[in-house]
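Participant: What would the 3D arrangement of this be:
(one chain, ligands or ions: 2)
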Amino acid sequence: MRNFISYKQSLEILEKIDIKTPPVQKMFLTQALGYVIAEDIVANHNSPEFPTSGMDGYALKAEDLNKKTLKVIDKNPAGSVVESIVTQGVCIKTFTGSLMPKGSDTLIPIENVEVNGDEIKIIKEVTAGFAVRDVAENYKKGEVLIKKGTVIGFAEVGVLASLNIAQVPVFVNPTVAIASTGSEILDLGQMQTNDSQIRSSNHLTIEALCKKAGANTIQMGIVKDDINSITQLLKTGLDKADIVITTGGVSVGDYDFVQDVIKDKLNAQVLFHGVTIKPGMHLLAAIKDGKLIIALPGFAYSSTVCAILYVLPFIYKLKQTKQSLPIVKAKINQDFPRRMPKTVFTACNVEYKDGIYQINFDGKKKGTSAILTNMLENPALLIQEDDSKDIKAGDMVDILLLNQLK
Ligand SMILES: Nc1nc2c(c(=O)[nH]1)N[C@H]1C(S)=C(S)[C@@H](COP(=O)(O)OP(=O)(O)OC[C@H]3O[C@@H](n4cnc5c(N)ncnc54)[C@H](O)[C@@H]3O)O[C@H]1N2
Ligand code: MOO
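Facilitator: Ligands and ions are numbered 1, 2, ... in the order given. All right, here's what the predicted structure looks like:
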């Protein structure tokens, strides 16, 4: 007899799994986008190192701001260091990004002066210290700029570049092996020989989700409902990957062999088999030699939802990030009664309007868990917890933003 557990319990079990810290590798900065930084990144210098001009203009002493005219004694282009010194009554033409010349403390922009030969007349005053970028305005030597566990995005790339870190220490990404089981499913391009055969989408949907989450993937393709083939496939997956995912063959049919293979052939430790969620009630999670096996149901919507709910958070965990699923509040446009004592995930459309997320079910198809097309365009999943009440139009509800999955 299957011992069903709640969604919450199933998440707790996966959260408790002890995992080894992944190895660290050095990655060229240009290749490091999306990887997870394996060390705190500390500034090894002040930025800027010296007072620097933030505008094009004339560097002078603040005490000279009330002088009628000032003599321009030199030019100070960005990229070179001017030797001349600003003394009383003189200024140096200085540009955005140039170091402030010695003796100066204020930059008067070119728009604020009239130029007559080698003299300037101030026509609009500025305050003392104007347009001078202070030492360490951007960051200070010794400051932790990027914390270990951060996913490298565009801003991290820029900050690492400004620190001249060409090789970034990152964690090796986890590897996920994916296979779909079923004697009725065909891979891309495979010849159809009878009417009951359908194209497999699951192995490719899940590969795409895992790749998006930054995992390396091993696509193992399709295998028939045959105990030996499934056993062999799972063994190969366990050899090569940190997580092995299968789809199909986990419910109660005569040909649902995946569970038997996991339990009896591999002698894996089953963490749970059966969760009170819709879709995905037959989901099975097991551990073998420190590797996680997740056997998802065959239906396309079920396997996709369950991969999002279970596989992605486990990838985040293996990657050592604090990433989590993008769950936010949204306003629902219709009543939505509670249908069953399960945690239910229903596809809806989401838009951000009038400062809040709003959901509706326009054009969403009703039927079995086979309907993957409900996840096209601007989809989200409405989450109804197992102990939740009937939802009323206008209520704020929890949704999972599918287009913001990382
Ligand atoms: N008597 C019962 N029958 C079923 C139950 C049940 O409790 N009692 N549960 C239903 C639910 S809920 C689900 S979910 C499915 C899960 O079954 P399996 O995981 O064993 O999956 P299959 O039977 O292999 O396939 C289900 C369905 O999905 C299609 N499929 C399979 N693989 C793919 C693929 N790679 N890409 C696209 N579509 C796929 C397959 O043809 C079936 O139509 O069981 C219910 N039955
Ligand atoms: O468990 Mo199934 O995934 O509900 O359709």
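
Participant: pretty sure residue 128 contacts residue 106?
Facilitator: Yes - if you go by Cβ atoms under 8 Å, residue 128 and residue 106 touch, sitting 5.6 Å apart. For glycine as for every other residue, the C-beta is placed from the backbone atoms N, C-alpha and C.

Participant: Which residues in stretch 10-20 does the neighbour count mark as buried?
Facilitator: 10, 14 (16 or more other Cβ atoms under 10 Å).

Participant: Next one: it, is it in contact with ligand 2?
Facilitator: No - Stretch 10-20 does not reach ligand 2 (Cβ under 6 Å from any ligand atom); its nearest approach is 13.1 Å.

Participant: what mean pLDDT does that stretch have?
Facilitator: Stretch 10-20 comes out with an average pLDDT of 95.

Participant: Export it to CSV, keeping only CA atoms.
Facilitator: Extracted in CSV, the C-alpha atoms of stretch 10-20 (Å, rounded to 0.1, in the frame of the first residue of the first chain):
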residue,chain,number,x,y,z
SER,A,10,8.0,15.8,0.9
LEU,A,11,9.8,19.2,0.6
GLU,A,12,11.1,18.8,4.1
ILE,A,13,12.5,15.4,3.3
LEU,A,14,14.4,16.7,0.3
GLU,A,15,15.6,19.7,2.2
LYS,A,16,17.1,17.5,4.9
ILE,A,17,19.3,15.5,2.4
ASP,A,18,22.9,16.1,3.2
ILE,A,19,24.9,16.9,0.1
LYS,A,20,28.6,17.3,-0.5
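
Participant: Other residues contacting that stretch?
Facilitator: 5, 271-272, 275, 277, 283, 285, 287, 290, 292, 310, 313-314, 317-318 (Cβ atoms under 8 Å, 6 or more residues apart in numbering).

Participant: Looking at residue 61 now. What's its pLDDT?
Facilitator: pLDDT at residue 61 comes out at 98.

Participant: Residue 330 bridge partners, please.
Facilitator: Here residue 330 sits in beta bridges with residue 357, residue 397, as judged by DSSP bridges.

Participant: got a list of what it touches?
Facilitator: 350, 356-359, 380, 396-399.

Participant: Out of the residues you listed, grab the one that's most surrounded.
Facilitator: In terms of neighbour count, residue 380 stands highest of these at 27 neighbours, by other Cβ atoms under 10 Å.

Participant: so that one makes contact with residue 398?
Facilitator: No - if you go by Cβ under 8 Å, residue 380 and residue 398 don't touch, sitting 9.8 Å apart.

Participant: number of nearby residues for residue 310?
Facilitator: 24.

Participant: Roughly how far does it sit from residue 178?
Facilitator: Residue 310 sits 13 Å away from residue 178, going by Cβ to Cβ, to the nearest Å.

Participant: ok, back up a step: for residue 128 and residue 106, indicate the residue with more neighbours.
Facilitator: Between residue 128 and residue 106, counted using other Cβ under 10 Å, the more crowded position is residue 106 (23 against 11).

Participant: tell me which residues form a beta bridge with residue 146?
Facilitator: On the basis of DSSP bridges, residue 146 is bridged to residue 41.

Participant: residues in contact with it?
Facilitator: Under the criterion of Cβ under 8 Å, 6+ apart, the contact partners of residue 146 comprise 37, 40-41, 156, 159-160.

Participant: try 6 Å
Facilitator: Applying Cβ atoms under 6 Å, 6 or more residues apart in numbering, we find residue 146 in contact with 37, 41, 156.

Participant: For burial, what's the neighbour tally of the one residue in the chain that gets nearest to ligand 1?
Facilitator: Per Cβ to the nearest ligand atom, residue 298 is where the chain lies closest to ligand 1, at 2.4 Å. Residues lying near residue 298 (other Cβ under 10 Å) number 25.

Participant: Nice, that's everything, thank you.
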